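In: just to be clear, the model below is a prediction. Sequence and coordinates:
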Amino acid sequence: MHKGLIVQKFGGTSVADIQRIQKAAARVVSYKRKGYSLVVVVSALGDTTDELTALAGKINSMPAEREMDMLLSTGEQISAALLAMGIQKFGAKAISFTGGQVGIITDTSHTRARIIKINTDKIKEELNQGKIVIVAGFQGITLNQDITTLGRGGSDLTAVALAKVLDAEACEIYTDVEGVYTADPRIEPQARKIEYITYDEMLEMASAGAQVMQSRSIEVAKKFNIPIHVRSGFNYKTGTIITREVKRMEEVVVSGITLNRNETKITICNVPDRPGVAAKIFKRLAAAGINVDMIVQNVSHLRQTDISFTVKKADTLKVSRLIRGVAKDIKASDVLQDEDISRVSIIGVGMKSHPGVAATMFAALAENKINIEMISTSDISIYCIIKKRCAEKAVRVLHKRFGLAK
Ligand code: ADP
Ligand code: ASP
Ligand code: MG
């Protein structure tokens with residue numbers, strides 16, 4: 001009756017209140033009774049992380065990142081303990097730990113730390129005693145014993161990383177939708193559940209804003225070839241399998257449409273057009289640990305040019321201060337910031353072999369009077385920056401145009 005190990009991760013909505021934690025506990029216990037060993041990763045209850053972030057903002061608009069980690073990591077500690085209590089109530093053995101307690105060692109980049117290694121001794125010891133091990137997601141500890149967090153959505157990464165080091169038979173991500181869809185089902189009711197999706201497509205969708213999986217967790221899953229099952233925390237249906245290769249009956253050109261409303265567009269005006277200027281700007285951002293998404297440099301007139309790029313909305317204040325400093329140094333005339341934008345993307349491996357996909361996308365947006373402010377591409381995606389008010393419409397228009405509807 002002894003079966004393998006499963007890592008299960010429950011997202012915020014799946015542990016949003018006591019009833020849901022009880023439901024999650026019941027599911028975990030049912031797997032245990034079937035003979036599986038279980039490691040369960042939890043997110044913070046509901047919107048706790050957002051609430052804690054707002055709280056921090058009330059006392060300091062630029063809180064120290066180390067202190068943010070101290071604060072945010074508490075959310076997951078609460079749900080871990082409550083889930084352990086819920087499981088114990090069902091008569092099964094369970095024990096909860098913080099990331100630090102189970103030896104998830106990270107680097108020192110607070111709020112976006114990388115996992116360096118995971119010590120599995122403690123988890124294995126507890127599993128061997130027949131316990132269900134609950135791990136607070138989204139967090140680790142540095143070699144100096146400072147608590148770190150792994151970036152928003154980081155409990156997915158905790159789950160995938162644990163599945164890897166524990167050589168788990170399966171890694172299940174329980175969330176509030178039934179899997180990965182062709183578009184966010186909250187925006188496009190016609191969206192379809194995708195049965196199988198490749199790491200590359202999922203990675204592209206995640207970094208383009210499909211919140212359902214954290215992109216770094218997919219990078220790790222891809223690197224170690226760990227299949228992920230994304231499914232609903234509210235029923236027992238099969239969800240979406242994220243894996244290396246997908247055999248499809250028909251070739252799909254575009255497999256998903258995504259939207260990212262969490263970016264700000266920064267424009268540096270009248271940048272002198274000479275070698276080394278772009279390097280200076282982006283080196284300064286890199287040194288501050290800022291990830292830049294799209295970069296567009298316009299054609300130069302009179303030896304001057306505008307440079308625009310997008311950054312995460314949460315970084316706006318920091319970037320804006322930095323860039324104003326750089327702008328002075330390089331003698332640019334002005335810095336503009338625009339938060340009223342969204343990025344709409346189309347993603348699909350089939351794009352590599354199909355010409356005309358970009359033209360179709362631009363035409364569909366144009367016919368619906370949606371103006372494109374910036375365009376960028378990778379080999380399996382095309383994305384456009386548009387006004388925020390057109391964003392949801394753009395998703396539905398493109399979803400229909402590329403034949404993805406039910
Ligand atoms: P959890 O709290 O379980 O981690 P998240 O809120 O992080 O859940 O992610 C699930 C949400 O992702 C869904 O409620 C859905 O609105 C959103 N989402 C965006 N794009 C997609 C997509 N393509 N497929 C499924 N869900 C998506
Ligand atoms: N609670 C964290 C967040 O909201 C981590 C997670 O849920 O994965 O980003
Ligand atoms: Mg999530």
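Out: Received the coordinates, thanks. Because the structure is predicted, anything quoted here is derived from the model rather than measured. Residues are numbered from 1 along each chain as shown. Ligands and ions are numbered 1, 2, ... in the order given.
In: quick one: the helices in the chain, in order.
Out: 18-33, 48-59, 65-89, 121-128, 155-165, 199-207, 215-224, 277-287, 316-330, 357-367, 391-401 (DSSP state H).
In: next, format those as a markdown table and append mean pLDDT, mean neighbour count and distance to residue 377.
Out: In short, each C-beta sits where N, CA and C put it, glycine included. Shown next, in a markdown table, are these (pLDDT from 0 to 100; neighbours: other C-beta atoms under 10 Å; distance: least, C-beta to C-beta, whole Å):
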| stretch | mean pLDDT | mean neighbour count | distance to residue 377 |
| --- | --- | --- | --- |
| helix 18-33 | 98 | 18 | 40 |
| helix 48-59 | 97 | 14 | 32 |
| helix 65-89 | 98 | 20 | 33 |
| helix 121-128 | 97 | 15 | 42 |
| helix 155-165 | 98 | 27 | 26 |
| helix 199-207 | 95 | 24 | 11 |
| helix 215-224 | 97 | 20 | 18 |
| helix 277-287 | 92 | 15 | 19 |
| helix 316-330 | 92 | 16 | 24 |
| helix 357-367 | 96 | 16 | 7 |
| helix 391-401 | 98 | 20 | 15 |
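In: so which of these comes closest to ligand 3?
Out: helix 155-165 (6.0 Å; C-beta to the ion).
In: quick one: the closest one near ligand 1?
Out: No - Helix 155-165 stays clear of ligand 1 (C-beta under 6 Å from any ligand atom), getting no nearer than 6.7 Å.
In: redo the helices of the chain as TSV? Include distance to ligand 2.
Out: TSV is the format used below for the helices of the chain (distance: least, C-beta to the nearest ligand atom, whole Å):
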stretch	distance to ligand 2
helix 18-33	14
helix 48-59	4
helix 65-89	6
helix 121-128	19
helix 155-165	3
helix 199-207	12
helix 215-224	9
helix 277-287	23
helix 316-330	18
helix 357-367	30
helix 391-401	22
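In: to residue 237, which of those helices lies closest?
Out: helix 18-33 (13.0 Å; C-beta to C-beta).
In: distance of the residue of the chain most remote from its centre relative to residue 272?
Out: Distance to the chain centre peaks in the chain at residue 302, reaching 41.6 Å (criterion: C-alpha atoms, centre = their mean). Plainly put, residue 302 is 10 Å away from residue 272 if you go by C-beta to C-beta, to the nearest Å.
In: spatially nearest residue to the most centrally placed residue in the chain (excluding sequence neighbours)?
Out: In the chain, the centroid-proximal residue (C-alpha atoms, centre = their mean) is residue 214; its distance is 2.5 Å. Nearest residue to residue 214, sequence neighbours excluded (C-beta to C-beta, 6 or more residues apart in numbering): residue 153, at 3.4 Å.
In: contacts only, for the one you found.
Out: Contacts for residue 153 (C-beta atoms under 8 Å, 6 or more residues apart in numbering) come out as 211, 213-214, 217.
In: check these against ligand 1, which are close?
Out: Okay, of those touching ligand 1 (C-beta under 6 Å from any ligand atom), that's residue 211.
In: which one among the contacts of residue 153 gets closest to ligand 2?
Out: Within those, the smallest distance to ligand 2 is 6.5 Å, found for residue 214 (C-beta to the nearest ligand atom).
In: quick one, phi/psi of the closest one?
Out: phi -70, psi 140 (degrees, to the nearest 10).
In: confidence score at it?
Out: pLDDT, residue 214: 97.
In: over to residue 302?
Out: Per the predicted model, pLDDT is 77 at residue 302.
In: ditto for the one 3 residues further on
Out: With respect to pLDDT, residue 305 scores 89.
In: so it sits right up against residue 298, yeah?
Out: Yes - in this structure, residue 305 is within contact of residue 298 by C-beta atoms under 8 Å, at 5.4 Å.
In: of the two, who's got more company?
Out: residue 305 (19 against 12; other C-beta atoms under 10 Å).
In: how about the more buried one, what does it touch?
Out: 270-271, 273, 297-299.
In: repeat the analysis, applying 7 Å as the threshold.
Out: 271, 273, 297-298 (C-beta atoms under 7 Å, 6 or more residues apart in numbering).
In: what does residue 313 give?
Out: Here residue 313 is in contact with 262-264, 339 (C-beta under 7 Å, 6+ apart).
In: what's stretch 377-384 in contact with?
Out: Under C-beta under 7 Å, 6+ apart, the answer for stretch 377-384 is 200-201, 204, 208, 343-349, 351-352, 357-358, 361, 365, 372, 374-376.
In: what residues of that stretch count as buried?
Out: Buried residues in stretch 377-384, counted by 16 or more other C-beta atoms under 10 Å: 380-384.
In: check stretch 227-238 too.
Out: Per 16+ other C-beta under 10 Å, stretch 227-238 contains these buried residues: 228-234.
In: and that stretch, how far apart are its ends?
Out: One end of stretch 227-238 to the other measures 14 Å (C-alpha to C-alpha, to the nearest Å).
In: could you give the mean pLDDT of it?
Out: 96.
In: quick one: contacts of it?
Out: 10, 14, 24, 160, 170-180, 212-213, 221, 239-243.
In: could you rerun that using 8 Å?
Out: 10-11, 13-14, 20, 23-24, 27, 160, 170-180, 212-213, 217-218, 221, 239-243.
In: rewinding a little: tell me the one of the contacts of residue 305 nearest residue 105?
Out: For those, the minimum distance to residue 105 (C-beta to C-beta) is 40.1 Å, reached by residue 297.
In: quick one on the thing from earlier: of all the helices of the chain, which one is nearest residue 101?
Out: Closest among the helices of the chain, once you apply C-beta to C-beta, is helix 121-128, at 7.2 Å.
In: interface residues of the stretch 151-300 of the chain facing ligand 2?
Out: So the stretch 151-300 of the chain meets ligand 2 at 152-156 (C-beta under 6 Å from any ligand atom).
In: 8 Å instead?
Out: Within the stretch 151-300 of the chain, the positions lying close to ligand 2 (C-beta under 8 Å from any ligand atom) are 151-158, 214.
In: just the closest residue of the stretch 1-150 of the chain to ligand 1, please.
Out: residue 11 (1.7 Å).
In: which residues touch that residue?
Out: 43, 155, 173-176, 233.
In: tell me how far it lies from residue 33.
Out: 24 Å.
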